[in-house]
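Q: Structure for the following, please:
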Amino acid sequence: MHVHFIAIGGSAMHNLALALHEKGYAVSGSDDEIFDPARSRLAAKGLLPESAGWFPDKITTEIDEVILGMHARADNPELLRAKALGLKIFSYPEYLYEQAKRKTRIVVGGSHGKTTTTAMIMHVLRYAGVPFDYMVGAQLDGFETMVSLSETAQIAVFEGDEYLTSPVDPRPKFHLYRPHVGVITGIAWDHINVFPTWEVYVEQFAIFANLIEDNGALIFCRSDEACASVAGGAKRSLRKIGYGAHPHVNEEGVCRLVTPDGAVPLKIFGEHNLHNLNAAMLACEQVGVARSVFYAAIGEFAGAARRLQLMAAAGSTSVFYDFAHSPSKLRATTEAVKKQLPHRKLYACMELHTFSSLSKAFLAQYRGAMRHADAAYVYFNPETVRHKQLSAISAADVADAFGDGVKVFTDSRALVAALKTLDSKQAVFLLMSSGNFDGVNIKALAEEIVVNG
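A: The predicted structure is shown next:
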């Protein structure tokens, strides 16, 4: 089987390419730009294209299937050539469904928490010795790639992203997976460039719920009004299972589950993660994993990359890195850290990087999002705003939107310098972004901060 990737360098695409290579497929691909870690990982397996760009001559009838990445455009010359030759063309989510359509599919959707919940399910299934295919949006310890597909596994666990499927298919990705077990972790308006109103955004989750296979399960956060509304309107053939935070206590900085068999200490913390954990437990139950097995496994779960990831710690100083960028994620993450470490100063710092977060009309959604921090900092690059062809925003616009005395920076070097001057004794630093603060070496910065503490 020969599969060709158009836009092979994307985070999801290169992981799928590596997975199919591991499966024994012949894999080729093209892209006009490929950056690390995709570049190094593709090169290590001999899959890195020789030259950057699009080469329609690569597209021949010897190719069995073409996978189109979101980074490509509708007029991509390789795509046009593949269409002219009548080749089978799949989007990324279409291909995942094609590979998993005969398996029991667990799909985790939600505006926040879906990566962590998916990672928890994967961790427990592996502990329980249950073979499964998967796709998750972060690198996880013990898993070489973010995608794995096999001929033998009877279960597939997919993270369900609500963003668009491909340049030629405007459906949200998670509409294509048709799960047997669907999870909705929470709904908070995002991606306003695609879903211009709250109502349109919520509708995507209602469609997802009704695409769950008949007699399947819908697992939803019952304290989220939008989730509860979607579940209430979903088709009657589903088992509808609402959940809250798993019972727990915090003792000496460690979060412990309260279970019938005693306390289970965790390596993670935060009310939002106790919600995620409960969702994962319920999903695992649907495929036969007993709660006793779940509890035995979950104590060793250390989290996904950039999901409250501890980057460095020494003495009374800690630095965490998190993917949080939307208002709901900022609120949940800053609150979680402050509650877990209440006697330390909390310095929270986030980057506005996504289309929604840099949109002037959306900024008001951030009001009070970092109110749990003792000091809060926001960074954005005006050049990124111009690149996304958005209306200009000022530091004053951002400060007014966030409130609570948030300090705003438009130069990442000045931001880093300011963070280094803070009193780091008895302090926790929380860095949050879906980007990288325009090239800041987060690991090196974290290590410097804790040394100075």
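Q: all contacts plus neighbour counts: C-alpha atoms, from now on.
A: Noted.
Q: got the residue ranges for the strands in the stretch 351-453 of the chain?
A: Using DSSP state E, counting those that start in this stretch, the strands of the stretch 351-453 of the chain run over residues 375-379, 407-409, 427-432.
Q: same check, this time on the stretch 201-350 of the chain
A: 217-221, 239-243, 248-251, 254-259, 262-265, 309-314, 317-322, 345-351.
Q: Now the weakest link among the ones you listed, please, by mean pLDDT.
A: For the strands of the stretch 201-350 of the chain, mean pLDDT drops lowest on strand 248-251, to a mean of 90.
Q: how about that one: buried residues?
A: The neighbour-count check on strand 248-251 (16 or more other C-alpha atoms under 10 Å) flags His248 as buried.
Q: just to revisit the earlier point, save the strands of the stretch 201-350 of the chain as JSON lines, and put in distance to His112 too.
A: JSON lines is the format used below for those (distance: least, C-alpha to C-alpha, whole Å):
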{"stretch": "strand 217-221", "distance to His112": "11"}
{"stretch": "strand 239-243", "distance to His112": "15"}
{"stretch": "strand 248-251", "distance to His112": "21"}
{"stretch": "strand 254-259", "distance to His112": "21"}
{"stretch": "strand 262-265", "distance to His112": "24"}
{"stretch": "strand 309-314", "distance to His112": "16"}
{"stretch": "strand 317-322", "distance to His112": "12"}
{"stretch": "strand 345-351", "distance to His112": "16"}
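Q: How about residues contacting the lowest-mean-pLDDT helix or strand in the chain?
A: The helix or strand of the chain with the poorest confidence is strand 248-251; it has a mean of 90 (mean pLDDT, DSSP states H and E). Strand 248-251 has contacts (C-alpha atoms under 8 Å, 6 or more residues apart in numbering) with 255-258, 274, 340.
Q: Of all the strands of the stretch 201-350 of the chain, which one is nearest Glu335?
A: The closest of the strands of the stretch 201-350 of the chain to Glu335 is strand 345-351. By C-alpha to C-alpha, the value is 10.0 Å.
Q: so the closest one versus strand 375-379, what angle?
A: Inter-element angle recorded for strand 345-351 and strand 375-379: 10 degrees (by axes from the mean of the first three to the mean of the last three C-alpha atoms, to 10 degrees).
Q: So which elements touch strand 345-351?
A: On a contact count with 3 or more C-alpha pairs under 8 Å, 6 or more residues apart in numbering; DSSP states H and E, strand 345-351 meets helix 327-340, strand 375-379, strand 427-432.
Q: one more time with 6 Å, if that's ok
A: strand 375-379, strand 427-432 (3 or more C-alpha pairs under 6 Å, 6 or more residues apart in numbering; DSSP states H and E).
Q: TSV for the ones you listed, including mean pLDDT and distance to Asn193?
A: Below are the helices and strands packed on strand 345-351 laid out as TSV (pLDDT from 0 to 100; distance: least, C-alpha to C-alpha, whole Å):
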stretch	mean pLDDT	distance to Asn193
strand 375-379	98	21
strand 427-432	97	22
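Q: most neighbours per residue, which of those strands?
A: Among the helices and strands packed on strand 345-351, strand 427-432 has the highest mean neighbour count (mean count of other C-alpha atoms under 10 Å), at a mean of 26.
Q: which residues are contacting it?
A: Strand 427-432 is contacted from outside by 317-324, 344-350, using C-alpha atoms under 6 Å, 6 or more residues apart in numbering.
Q: ok, now stretch 357-368?
A: 327, 401-402.
Q: Return that stretch as PDB; C-alpha atoms alone will do.
A: Provided in PDB are the C-alpha atoms of stretch 357-368 (Å, rounded to 0.1, in the frame of the first residue of the first chain):
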ATOM      1  CA  SER A 357      -7.600  35.200  21.100                       C
ATOM      2  CA  LEU A 358      -6.200  37.900  18.800                       C
ATOM      3  CA  SER A 359      -9.600  39.100  17.600                       C
ATOM      4  CA  LYS A 360     -10.600  42.400  19.100                       C
ATOM      5  CA  ALA A 361     -14.300  41.300  19.300                       C
ATOM      6  CA  PHE A 362     -13.300  38.200  21.300                       C
ATOM      7  CA  LEU A 363     -11.000  39.800  23.800                       C
ATOM      8  CA  ALA A 364     -13.800  40.700  26.200                       C
ATOM      9  CA  GLN A 365     -14.200  36.900  26.800                       C
ATOM     10  CA  TYR A 366     -11.000  37.000  28.800                       C
ATOM     11  CA  ARG A 367     -12.300  39.300  31.600                       C
ATOM     12  CA  GLY A 368     -11.100  37.900  34.900                       C
END
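Q: how far does it sit from the chain's center?
A: 20 Å (C-alpha atoms, centre = their mean, to the nearest Å).
Q: Report the mean confidence score over that stretch.
A: Stretch 357-368 carries an average pLDDT of 95.
Q: Quick check: buried residues in it?
A: 357-360, 362-364, 366-368.
Q: related to what we said a few turns ago, just put the contacts of stretch 357-368 in TSV and tack on neighbour count and pLDDT.
A: Below are the contacts of stretch 357-368 laid out as TSV (neighbours: other C-alpha atoms under 10 Å; pLDDT from 0 to 100):
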residue	neighbour count	pLDDT
Pro327	22	94
Ala401	19	97
Phe402	23	97
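Q: Would you mind telling me which of the strands of the stretch 351-453 of the chain is nearest Lys45?
A: Closest approach to Lys45 among the strands of the stretch 351-453 of the chain is made by strand 427-432 (31.9 Å; C-alpha to C-alpha).
Q: Nearest residue to Ala290 in space, ignoring adjacent ones along the chain?
A: Cys284 (7.8 Å; C-alpha to C-alpha, 6 or more residues apart in numbering).
Q: coming back round to it: in CSV: the helices and strands packed on strand 345-351, plus distance to Asn15.
A: As requested, the helices and strands packed on strand 345-351 are exported to CSV (distance: least, C-alpha to C-alpha, whole Å):
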stretch, distance to Asn15
strand 375-379, 30
strand 427-432, 24
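Q: of those, which approaches Gly303 most closely?
A: Nearest to Gly303, of those and by C-alpha to C-alpha, is strand 427-432 at 15.5 Å.
Q: In PDB, list the C-alpha atoms belonging to the closest one.
A: Extracted in PDB, the C-alpha atoms of strand 427-432 (Å, rounded to 0.1, in the frame of the first residue of the first chain):
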ATOM      1  CA  ALA A 427       6.600  31.100  44.000                       C
ATOM      2  CA  VAL A 428       5.100  29.200  41.100                       C
ATOM      3  CA  PHE A 429       5.300  30.300  37.500                       C
ATOM      4  CA  LEU A 430       2.600  29.300  35.100                       C
ATOM      5  CA  LEU A 431       3.400  29.800  31.400                       C
ATOM      6  CA  MET A 432       0.500  29.200  29.100                       C
END
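Q: Strand partners (parallel or antiparallel) of it?
A: Strand 427-432 sits in its sheet next to strand 317-322 (parallel), strand 345-351 (parallel), going by DSSP bridges.
Q: Please state the offset of that strand from the chain centre?
A: 20 Å.
Q: and that strand with helix 327-340, angle?
A: Here the directions of strand 427-432 and helix 327-340 differ by 160 degrees (the same axes, to 10 degrees).
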